[in-house]
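**Student:** structure for the following, please:
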Amino acid sequence: MEPEAKPFKYQHRDYEGPKKSTLVCSSDLMRVHVQEVKSGGENNLHTHPAEDAFWYVVNGAVRFYGEGDKVIGIYNKGEGILIPRGFKYWFESASDEPLEVLRIGARDQTQKELKRVNAAPLKDWMAERGGF
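**Tutor:** Okay, here's the model as predicted:
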């Protein structure tokens, strides 16, 4: 069977809580999300052993951290970062504007499952939602 193109459309919707992640489209090799982060929506130190992630700021600004809370960089609209699989990181909104960030994850085909490995305790809002 010949592969088919998969059109998609993302539209912002108001939401409750500090963070929302919307799966926009996916294939066997990649997943595309838009994450929206309000103040207090930072995540915990974690890694994705089977997935490289491309992050692109659509609105606002984001601050990425590595182990030991070392600042990796602050990225504004039109900027971003590539996080290789196995790299431990966390991030937070870095401006008064709401953060919208596009995340494209590319799967390592030698790995059987995609999983997130937490390297620090979940933030309260994450635990309330049953993990992340």
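
**Student:** could you use CA atoms for every contact and neighbour count after this?
**Tutor:** Will do.

**Student:** just for the chain, where's the confidence low?
**Tutor:** For the chain, applying pLDDT under 70 flags the ranges 131-132.

**Student:** just the strands from it, written as ranges.
**Tutor:** 19-26, 30-37, 46-47, 51-59, 61-65, 71-76, 80-83, 90-93, 99-107, 117-118 (DSSP state E).

**Student:** pull out the buried positions in the second one.
**Tutor:** Of the residues in strand 30-37, those buried under the neighbour-count criterion (16 or more other C-alpha atoms under 10 Å) are Arg31, Val32, His33, Val34, Gln35, Glu36, Val37.

**Student:** same question for stretch 55-72.
**Tutor:** Trp55, Tyr56, Val57, Val58, Asn59, Gly60, Ala61, Val62, Arg63, Phe64, Tyr65, Gly66.

**Student:** can you tell me the centre-most residue of the chain?
**Tutor:** With distances taken as C-alpha atoms, centre = their mean, Arg103 lies nearest the centre of the chain, 5.2 Å away.

**Student:** any idea how far apart the tips of stretch 7-21 sit?
**Tutor:** Distance between the two ends of stretch 7-21: 19 Å, counting by C-alpha to C-alpha, to the nearest Å.

**Student:** ok, and what's touching it?
**Tutor:** Val24, Cys25, His33, Val34, Gln35, Glu36, Val37, Lys38, Ser39, Gly40, Gly41, Trp125 (C-alpha atoms under 8 Å, 6 or more residues apart in numbering).

**Student:** let me have the strands of the chain in TSV, extended by distance to Pro7.
**Tutor:** Output for these, formatted as TSV (distance: least, C-alpha to C-alpha, whole Å):
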stretch	distance to Pro7
strand 19-26	8
strand 30-37	12
strand 46-47	29
strand 51-59	19
strand 61-65	27
strand 71-76	27
strand 80-83	24
strand 90-93	29
strand 99-107	16
strand 117-118	31
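
**Student:** and Glu4, which of those is closest to it?
**Tutor:** strand 19-26 (12.7 Å; C-alpha to C-alpha).
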